[in-house]
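Trainee: quick one: sequence plus predicted model below, questions after.
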Amino acid sequence: MFGGISSLLKRRLVAQMASGDNQQALKAVEDLKARGWFRDGTLAGAPLAGANLRGAALARANLERAALRRANLAGAYLGETRLAEADLERAILCDANLRQVSLRGANLTGADLRRAYLAAADLAGAHLAGADLREATLWQTRLTGADLLGADLAGATLYAPQCDEHTRLPDGSTWTPAADLRRFTDPQHPQFWSRDRANGHHGDHGGEG
């Protein structure tokens, strides 16, 4: 689609961005920015599985449908980044800033989102089954249609999240206006639900259930 030399350079920089070497990956990010190839669609669908992008500045990048499975994005800045339908299965996103990020339909199964900042993020239809969201900030986060089955939300801040009847909660139930979300976030809640308890540890409620 693009001219010969620029097309080759783009492919080389994207391949470098997928590196397991953090310095090489971050250098590729800056080179892509300098050439105007950060938000123009060059990175849409990019094969970045296993990339070491720890601490990367990826704000407003177009990474829609990117393959970021098992990528290390710990501490990365992803404000307003477009990650719709991206594959982030088992990606490391702990301490990442995901303010206003678009993750519509993204695969975040088993992702590490501990302490991640997801204020006003769009997670409509996102797959978060088994994700670790402990101490994450979900302030006015859109969770309509999101699948949180088995997700760990202990200590998370859930302030005015947008949910609907298609939002699946960690225990497999669907959201209703009467749903008490504190039972997933507050370990002191009398009906606190946790993944550990759900996996066969029922305390005093022995027997077959």
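Mentor: Sure, I can see it. Numbers count the residues shown, from 1 in each chain.
Trainee: can we go C-alpha only for contacts and neighbour counts from here?
Mentor: Fine.
Trainee: dump the helix or strand of the chain with the lowest mean pLDDT to PDB, restricted to CA.
Mentor: Least confident helix or strand of the chain, by mean pLDDT, DSSP states H and E, is helix 195-198 with a mean of 76. The C-alpha trace of helix 195-198 is given here as PDB (Å, rounded to 0.1, in the frame of the first residue of the first chain):
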ATOM      1  CA  ARG A 195     -11.800 -15.900  43.000                       C
ATOM      2  CA  ASP A 196     -10.100 -18.000  45.600                       C
ATOM      3  CA  ARG A 197     -13.300 -18.700  47.500                       C
ATOM      4  CA  ALA A 198     -15.100 -19.500  44.200                       C
END
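Trainee: residues making contact with that helix?
Mentor: Residues outside helix 195-198 that contact it (C-alpha atoms under 8 Å, 6 or more residues apart in numbering): G150, A151, D152, D171, G203.
Trainee: among those, who's most crowded?
Mentor: D152 (28 neighbours; other C-alpha atoms under 10 Å).
Trainee: measure that residue to L108 for me?
Mentor: 13 Å (C-alpha to C-alpha, to the nearest Å).
Trainee: again, but for A71
Mentor: 11 Å.
Trainee: neighbour count winner among those two?
Mentor: L108 (30 against 25).
Trainee: isn't that one right up against R90?
Mentor: Yes - using C-alpha atoms under 8 Å, L108 is in contact with R90, at 6.8 Å.
Trainee: look up phi and psi at the residue nearest to L158 when sequence neighbours are not counted.
Mentor: Distances taken as C-alpha to C-alpha, 6 or more residues apart in numbering place L138 nearest to L158, at 5.0 Å, with adjacent residues excluded. Listed backbone geometry of L138 is phi -120, psi 70, with angles given as degrees, to the nearest 10.
Trainee: isn't L138 right next to A120, touching?
Mentor: Yes - L138 lies in contact with A120 (C-alpha under 8 Å); the separation is 7.4 Å.
Trainee: neighbour count: these two, which is higher?
Mentor: L138 (25 against 21).
Trainee: tell me the spacing between that one and R182.
Mentor: 13 Å.
Trainee: now swap in G45 and tell me
Mentor: Applying C-alpha to C-alpha, the value for G45 to R182 is 37 Å.
Trainee: nearest residue to the middle of the chain?
Mentor: Centroid-nearest residue in the chain, with C-alpha atoms, centre = their mean: L108, separated by 5.2 Å.
Trainee: who touches that residue in this structure?
Mentor: L108 neighbours (C-alpha under 8 Å, 6+ apart): D87, L88, E89, R90, A91, A126, H127, L128, A129, A131.
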